[in-house]
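Trainee: please work out how this folds:
(2 chains)
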Amino acid sequence: MQGIQTGIGGKWAMAWTDIIVQGLKNWDTSLVAYVPDVSIDRVTTLIDDDPFFHLVSATREEEALGVAVGAYATGRNSAVFMQSSGFGNSINALASLCIPARTPIPIFINLRGGPGEFNIAQVPMGRGTRPILDVLGLVHFTLDDEYNMDKIVDGALKLCHANRQPVAICLTQLLHGGKLA
Amino acid sequence: MHRFEATQLILRHAENRPIVSNLGPTTDELWHAGHRDRNFYTYGNMGLCSSIALGMALSTEEQVISLDGDGSLLMNLGTIASIGREQPQNLVVVVWDNEEWGQTGHQSSHTALGTDLEKVAQSCSIPQTATVNNLEDLEGVFRQALETPGPWFIVAKIEETEYMPVAPIEPEMTLYRFRGSFGVSK
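Mentor: Numbers count the residues shown, from 1 in each chain, chains lettered A, B, ... in the order given. Have a look, this model is predicted:
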């Protein structure tokens, strides 16, 4: 496990990647479906290397949600990783499957379009992701740094299962460093 | 071959195996053929029927049956590649192929004009595939699929007939009942 020094209080804490992996384990979430993304590759690589998890590579984000719902339907907790552009590909899966059936699936989104974004094509969907989540009535959290991140990830997963609806955890470039132009 | 009689045939052989059904008439006719807790009816999410079944097959040792449709699968052909990549031996996909988008006005689908879904599955490394045109052949290959490791991909050519009434079911109860049948209380 990697240690990092947080900006506040100077205490040692887990790296953001380990916090997510530990959070998933704490909630017995062993199937992860994803579409590869360079910025969250550090987490999905840890997941792929860990025998606790089964990482399923989907061809499209809505497909990843379908796989995750199937796992949950048989009693296995699941999560999804995607980029904000791919969130655009998954809206109808959320609206017509996850929400009506009430599936508690945490969705980790690399949120593009913030400070440091270099690609004009990533800005509209990146900026639109959270407003769309709001319109759908889905709870979301945004993580810019590791301060309190373990509590937020754990709390988000707890809320997700209590509410039996998807919860989005948006990971910004300020957290993970992003993709460089 | 009509979808309802073919659905009845599938249900006769499925015993207690979980079945995921594509939205629309496939879901309605599964309900009319025999409502059971192990039916995972879908109501929207066009294209995701076999993706859901893939997630199930990776999470249970039981055989999982997907009743998909040509129009829906054409919306998410990538999931055939994902099944080929994951190679779940306990997954049986049956595609009701009417070569049209039945509910939107009977427009021809791509399978009427050159797309061969069985060949797509073969090219995605799905080891067990078949195309059937009548009930007798469907019964033979489906029984074989239940006894032989897959993944299986069976294209069943069907003709549309009168639609049955919409099934009186709803998503949250479907998920609740289905999970309960796997011993999950909530």
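
Trainee: now do the strands in the chain.
Mentor: Answering for chain A, as no chain was given. A:3-5, A:12-14, A:29-34, A:54-57, A:77-83, A:106-111, A:139-143, A:167-172 (DSSP state E).

Trainee: you looked at the wrong chain, it should be chain B
Mentor: B:19-21, B:39-41, B:64-69, B:91-97, B:100-101, B:107-108, B:128-132, B:152-157.

Trainee: parallel or antiparallel, list what pairs with the fifth one.
Mentor: Which is strand B:100-101. strand B:107-108 (antiparallel) (DSSP bridges).

Trainee: chain center to the strand it pairs with, what's the gap?
Mentor: Per CA atoms, centre = their mean, to the nearest Å, the displacement of strand B:107-108 from the mean C-alpha position of its chain is 21 Å.

Trainee: and for stretch B:10-22?
Mentor: 9 Å.

Trainee: close to chain A, is that stretch?
Mentor: Yes - using CB under 8 Å from any CB of the partner chain, stretch B:10-22 reaches chain A at B:18, B:20. Just so you know, the C-beta spots here come from the backbone N, C-alpha and C atoms, and that holds for glycine as well.

Trainee: can I get that stretch in CSV? Just the C-alpha atoms.
Mentor: Output in CSV follows, covering the C-alpha atoms of stretch B:10-22 (Å, rounded to 0.1, in the frame of the first residue of the first chain):
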residue,chain,number,x,y,z
ILE,B,10,-37.5,-22.9,-23.5
LEU,B,11,-39.4,-22.7,-20.2
ARG,B,12,-40.3,-26.4,-20.3
HIS,B,13,-36.6,-27.3,-20.4
ALA,B,14,-35.1,-24.5,-18.3
GLU,B,15,-36.3,-26.0,-15.0
ASN,B,16,-35.2,-23.5,-12.3
ARG,B,17,-32.5,-21.8,-14.4
PRO,B,18,-32.5,-18.0,-14.4
ILE,B,19,-33.8,-16.4,-17.6
VAL,B,20,-33.3,-12.8,-18.7
SER,B,21,-35.8,-11.5,-21.2
ASN,B,22,-35.5,-8.7,-23.7
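
Trainee: what does it contact?
Mentor: For stretch B:10-22, the external contacting residues (CB atoms under 8 Å, 6 or more residues apart in numbering or on different chains) are A:70, A:74, B:27, B:30, B:33-34, B:38-42, B:49-50, B:52-53, B:56, B:60, B:62-69, B:72, B:94, B:96, B:139, B:142-143, B:146, B:178, B:181.

Trainee: touching, A:Arg112 and A:Met125? I think so.
Mentor: Yes - counting by CB atoms under 8 Å, A:Arg112 touches A:Met125, with 7.3 Å between them.

Trainee: about what we covered before: with mean neighbour count added, can I get the strands of chain B in TSV?
Mentor: Converted to TSV, those look like this (neighbours: other CB atoms under 10 Å in any protein chain shown):
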stretch	mean neighbour count
strand B:19-21	29
strand B:39-41	27
strand B:64-69	30
strand B:91-97	27
strand B:100-101	18
strand B:107-108	10
strand B:128-132	19
strand B:152-157	25
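
Trainee: distance-wise, check the residue nearest the centre of chain B relative to B:Glu100.
Mentor: Closest to where the C-alpha atoms of chain B average out (CA atoms, centre = their mean) is B:Leu67, at 1.2 Å. As for B:Leu67, its distance to B:Glu100 is 17 Å (criterion: CB to CB, to the nearest Å).
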